[in-house]
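**Student:** Predicted coordinates and the sequence they were generated for:
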Amino acid sequence: MKKLLTAFTLLTSIYAILRRIRFETNQFKLNHVTFKTNKIPSESGFTLLQMTDLHNKVFGFNNEQLVSFAKIASPDIIVLTGDFLDDDTKTLGRVFSLVERLTANHKHVYFVSGNHDWANSRKAELLNGLHDRRVTILNNRNTQITIENATLNLIGIDDPSKEHEDMDEAFSGINPNNYTILLSHAPNIVNMYSTIPADLILSGHTHGGQVRAPLIGALVAPDQGLFPKLDKGVFEFGPGQYLYIDSGLGTSRIPVRFLNQSQLSLVTITGS
């Protein structure tokens, strides 16, 4: 009887874990994070919807769930922070269909490349296709966006984990008095440069560890190895300067997430 009870408990536990893995891998959530600044008027603000590390995954028929969430969130800006492809993605229809509907509903949609985008043989086709679908590619470039009476600098660099970034070119000519957001697929950019003139960095790349353990957190992340420090969430990398790492939507290597649900993030910037 004791052995039977032990076996039942073990099977029940395995079943519960597998159900949780399936849910967290295939059902995403919307994460909210807010930052305050004195660089914009107190009554002003911006919202940015961050999508990262899709890895060609689909949520609902033709990614309708992502499109619907973007409509409901109604952000001022959408930022796509890399790895929309996997290394071996052969067709780009899923990505192009998604961005067509995003740009149809949203004026400001921006993209920076990730390491898997660079590794894919169809990278040039991806970038050209995004451009043709009215996505602004911030490949070591910057732009300024004004909404009502507030202006921000939006800067993007090509994937730094493979040394494609050019920080001097990316930050060239910006007005430092504006609130400045840097899009960098890999968060280790904060360890590569002693100073970065950005108020906020939005990154992905780590998948939040993809698989996490109770009391330990992320087990492994690219560029950081075991038990990474920069796994997901908010980190202060300088006085009043913050790095936000979104744990992303898709998976890589193994199609499993555990204690780390797929997500996209709504980032709010408010005046203080």
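**Tutor:** All right, it came through fine.
**Student:** Quick check: next helix or strand after the helix ranked longest in the chain?
**Tutor:** In the chain, assigned by DSSP state H, the helix with the most residues is helix 2-26. Next helix or strand after helix 2-26 toward the C-terminus (DSSP states H and E): strand 29-37.
**Student:** So which bits of that next one are buried?
**Tutor:** Within strand 29-37, the residues scored as buried using 16 or more other Cβ atoms under 10 Å are 31, 33, 35, 37. For the C-beta atoms, the positions are set from N, CA and C on the backbone; glycine is no exception.
**Student:** That one packs against which elements?
**Tutor:** The contact analysis (3 or more Cβ pairs under 8 Å, 6 or more residues apart in numbering; DSSP states H and E) places strand 29-37 against strand 263-271.
**Student:** Quick one: mean pLDDT for the strand it packs on?
**Tutor:** Confidence for strand 263-271, expressed as mean pLDDT, is 97.
**Student:** if I look at E125, how far off is I137?
**Tutor:** As judged by Cβ to Cβ, to the nearest Å, E125 and I137 stand 13 Å apart.
**Student:** Same drill for the two, tell me which one is more crowded.
**Tutor:** Taking other Cβ atoms under 10 Å, E125 and I137 do not tie; I137 has more neighbours (17 against 12).
**Student:** Just give the closest residue to the more buried one, not the sequence neighbours.
**Tutor:** F111 (5.2 Å; Cβ to Cβ, 6 or more residues apart in numbering).
**Student:** so the one you found makes contact with L138?
**Tutor:** Yes - the pair F111 / L138 is scored as a contact, 7.0 Å apart, by Cβ atoms under 8 Å.
**Student:** Make sure V67 is indeed in a helix.
**Tutor:** Yes - assessed with DSSP: H, G, I helix; E, B strand; the rest coil, V67 lies in a helix.
**Student:** What separation do you get for it and M51?
**Tutor:** From V67 to M51 the distance is 11 Å (Cβ to Cβ).
**Student:** what about these two, which has more around it?
**Tutor:** Legend: neighbour count by other Cβ under 10 Å for V67 and M51, higher for M51 (27 against 19).
**Student:** For that one, grab phi and psi.
**Tutor:** phi -120, psi 130 (degrees, to the nearest 10).
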